[in-house]
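**Student:** here is a sequence with its predicted model. Questions after.
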Amino acid sequence: MKDLLKKLSEAHGASGYEENIAKIMVEELSKYSESVEIDKIGNVIARKGSGDPKIMLAAHMDEIGFVVQHIDAKGFIWFILIGGFYDPTIFNARVLIHTSKGDVCGVVGSKPPHLMEEEEKTKPVKWKELFIDVGANSKLDAENLGISVGDSITFDQEFRMLDRDTVTGKSMDNRVGCLMLIEVMKRINNPKCSVYAVATVQEEVGLKGARVAAAKIKPDYGVVLDVSFGDQPGVKEREITTALGKGPIITYIEANGRGLMADPKMCKKIIDIAKANNIPYQAEVTYGGMTDAAIMYITGEGIPCISLGIPTRYIHSPVEVLDIDDVKAGIFLLIKFLESF
Ligand SMILES: [Zn+2]
């Protein structure tokens, strides 16, 4: 399971540029599904079982990233953001620019601290001041590498094990959800309902793929798999109420109610199943952050939805951290939930 998470985490696919990660999802889901297709917007839709009810599991496969906006005369690359960043996480990162001639490595440059005024050092850096150095000497050099306006850019970050069963890497948000889709399809046998595992596109830029997929499938129920917050220093106790190692998170309300308002009956059902099977879980309501569930539950005539999150630290940075035990518990809970239909 860790090997597959490593493969998913290290794959590159900024929102709108998901082809590579979609390829892995098709490859993996095909092994365990009765049908797999890619829809017009790029969602990967796999199905196992038939008849009612139709249950749609969704996990977004896109990651936050950047897109080349301008190559200057000296060959430095300027970019726009794709998705929600805290600008300092981009500072001095190593990145890959995905060009028609292949991946080009670059670094986000900065002024040496020796030359900074005291005031400059205390101000947080803004993304518009940041640029990528690919080692080129001129615009022509950069163009010869294959770089052009519109190319996507992602963090170049290796997946690593930390202590216990904890791992770190980029794009745990939401390749861990993709991993859960694959593992559930692999392990569920002869479901007495239609299980759709959907790897969605463009979640980080407005929950777009999930809306399209839900409109097509018209499921009776939706379960969204994503990351949620995990305990860490530097935040108040009430800011993050969930912790790594304490089980998957059931979110009742997202973003003060602007996001998902989870279906109460489904929440009760999944919690009852967790209790009956001694599966650890945590409950949360949040004032920030939304998932695909926020759009799914108001698609068409309305779809009862719940959101299952894996507690994750440092979300939307290249060093996201999560605990594999939470992932295992989440997969087990999902299977028991699907088997209850
Ligand atoms: Zn995200």
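**Tutor:** Here it is on my side, so go on. For clarity, every value in this text was computed on a predicted model and none was experimentally measured.
**Student:** need the residues that contact the lowest-mean-pLDDT helix or strand in the chain.
**Tutor:** Ranking every helix and strand in the chain by mean pLDDT, DSSP states H and E puts helix 118-122 at the bottom, with a mean of 89. Applying CB atoms under 8 Å, 6 or more residues apart in numbering, the external contacts of helix 118-122 come out as 111, 113. C-beta: built from backbone N, CA, C; applies to glycine.
**Student:** and the next element down the chain from that helix?
**Tutor:** The first helix or strand that comes after helix 118-122 along the chain, using DSSP states H and E, is strand 132-133.
**Student:** packing partners for that next one?
**Tutor:** strand 77-82, strand 102-108 (3 or more CB pairs under 8 Å, 6 or more residues apart in numbering; DSSP states H and E).
**Student:** among the ones you listed, which is the most enclosed?
**Tutor:** strand 77-82 (a mean of 20; mean count of other CB atoms under 10 Å).
**Student:** would you map the strands across the stretch 151-300 of the chain?
**Tutor:** With DSSP state E, counting those that start in this stretch as the criterion, the stretch 151-300 of the chain has strands at 152-155, 160-161, 166-169, 194-200, 221-229, 249-253, 282-285.
**Student:** need those strands in CSV (columns: mean pLDDT and mean neighbour count).
**Tutor:** Below are the strands of the stretch 151-300 of the chain laid out as CSV (pLDDT from 0 to 100; neighbours: other CB atoms under 10 Å):
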stretch, mean pLDDT, mean neighbour count
strand 152-155, 98, 25
strand 160-161, 96, 12
strand 166-169, 98, 20
strand 194-200, 98, 28
strand 221-229, 97, 26
strand 249-253, 96, 22
strand 282-285, 96, 16
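**Student:** figure out how far the least confident helix or strand of the chain is from the centre of its chain.
**Tutor:** 34 Å (CA atoms, centre = their mean, to the nearest Å).
**Student:** before we move on, what about stretch 167-185?
**Tutor:** 8 Å.
**Student:** now do the buried residues in that stretch.
**Tutor:** 167-185 (16 or more other CB atoms under 10 Å).
**Student:** now the strands of the stretch 151-300 of the chain in TSV, with distance to residue 291?
**Tutor:** Listed next are these as TSV, based on distance: least, CB to CB, whole Å:
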stretch	distance to residue 291
strand 152-155	21
strand 160-161	26
strand 166-169	20
strand 194-200	10
strand 221-229	4
strand 249-253	8
strand 282-285	12
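**Student:** tell me which of these sits nearest to residue 302.
**Tutor:** Smallest distance to residue 302 across the strands of the stretch 151-300 of the chain (CB to CB): 10.3 Å, for strand 221-229.
**Student:** that closest one versus strand 249-253: what angle between them?
**Tutor:** 100 degrees (axes from the mean of the first three to the mean of the last three CA atoms, to 10 degrees).
**Student:** pull up the pairing partners for strand 221-229, direction included.
**Tutor:** Applying DSSP bridges, strand 221-229 is found paired with strand 54-60 (parallel), strand 305-313 (parallel).
**Student:** what helices or strands is the helix or strand following the longest one leaning on?
**Tutor:** Spelled out, that is strand 305-313. Of the helices and strands lying after strand 305-313 in sequence (DSSP H and E), the nearest is strand 320-323. Helices and strands touching strand 320-323, as assessed by 3+ CB pairs under 8 Å, 6+ apart, comprise strand 166-169, helix 172-187, strand 305-313.
**Student:** who wins for proximity to residue 69 among these?
**Tutor:** Closest among these, using CB to CB: helix 172-187, at 23.9 Å.
**Student:** buried ones in the helix or strand containing residue 331, by neighbour count?
**Tutor:** If you go by DSSP H and E, residue 331 is part of helix 324-339. The neighbour-count check on helix 324-339 (16+ other CB under 10 Å) flags 324-335, 337-338 as buried.
**Student:** now the residues you listed in TSV, with distance to residue 278 and pLDDT?
**Tutor:** Below are those laid out as TSV (distance: CB to CB, whole Å; pLDDT from 0 to 100):
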residue	distance to residue 278	pLDDT
324	18	97
325	14	97
326	15	98
327	17	98
328	13	98
329	10	98
330	14	98
331	15	98
332	10	97
333	11	98
334	16	97
335	14	97
337	15	96
338	18	96
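**Student:** of the residues you listed, closest to residue 152?
**Tutor:** Of the buried residues of helix 324-339, the one sitting nearest to residue 152 (CB to CB) turns out to be residue 327, at 27.1 Å.
**Student:** doesn't residue 310 make contact with the closest one?
**Tutor:** Yes - when contacts are counted by CB atoms under 8 Å, residue 327 is listed as touching residue 310 (5.8 Å).
**Student:** mind listing the shared neighbours of those two?
**Tutor:** Contacts common to residue 327 and residue 310, judged by CB under 8 Å, 6+ apart, are 176, 180.
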